[in-house]
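In: structure here, sequence nowhere to be found:
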């Protein structure tokens, strides 16, 4: 299983950006986590690839949308109404569990991080 994250960069508060994760392999769920400086890695969103069921952290619900293109083996995270507190390194990860994995230890595979910086 290989994961390759892309996207992000510098965005103004209130703006939007999109992250993509090319996810090879037969994992069931793909999620996004983020880690800000000095903070622990936290769950952002995840999707079950078989049926597209998605779930989100409360902090991003209504602003972020995760989607999966199984033909392209890509999972995307559309991030709207960005806030400075969304600034972090974002990681995509893959799990064999389809039961709403939200903890880091539930994800067996990790991609490299991509930086998202939201300026105020």
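Out: Sure, I can see it. Keep in mind the model is a prediction, meaning the values are calculated, not measured.
In: which residue is nearest the middle of the chain?
Out: Relative to the mean C-alpha position of the chain, the nearest C-alpha, by Cα atoms, centre = their mean, is the one of residue 32, at 2.3 Å.
In: now do the SS call for that one.
Out: Applying DSSP: H, G, I helix; E, B strand; the rest coil to residue 32 yields a three-state assignment of strand.
In: does anything pack onto the host helix or strand of residue 22? Which helices or strands?
Out: Following DSSP states H and E, one finds residue 22 within strand 17-23. If contacts are counted by 3 or more Cβ pairs under 8 Å, 6 or more residues apart in numbering; DSSP states H and E, strand 17-23 sits against strand 3-7, strand 29-35, strand 74-79, strand 88-95, strand 114-119. C-beta coordinates here come from the backbone N, C-alpha and C atoms, glycine included.
In: mind running it again at 7 Å?
Out: In this structure, strand 17-23 makes packing contacts with strand 3-7, strand 29-35, strand 74-79, strand 88-95, judged by 3 or more Cβ pairs under 7 Å, 6 or more residues apart in numbering; DSSP states H and E.
In: what does the third one rub up against?
Out: Going back to what we said before, that points to strand 74-79. Outside strand 74-79, the residues within contact range by Cβ atoms under 7 Å, 6 or more residues apart in numbering are 16-23, 30, 32, 45, 47, 63-68, 86, 92.
In: now the buried members of those.
Out: 17, 19-21, 23, 30, 32, 45, 47, 64-66, 68, 86, 92 (16 or more other Cβ atoms under 10 Å).
In: if we can go back for a sec, any chance of the helices and strands packed on strand 17-23 in a markdown table, plus mean pLDDT?
Out: As requested, those are arranged in a markdown table below (pLDDT from 0 to 100):
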| stretch | mean pLDDT |
| --- | --- |
| strand 3-7 | 95 |
| strand 29-35 | 97 |
| strand 74-79 | 97 |
| strand 88-95 | 97 |
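In: can you redo these as CSV with distance to residue 109?
Out: Compiled in CSV, the helices and strands packed on strand 17-23 are given as follows (distance: least, Cβ to Cβ, whole Å):
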stretch, distance to residue 109
strand 3-7, 6
strand 29-35, 9
strand 74-79, 12
strand 88-95, 4
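In: where's the dip in pLDDT among the buried ones among the contacts of strand 74-79?
Out: For the buried ones among the contacts of strand 74-79, the minimum pLDDT belongs to residue 23; the value there is 90.
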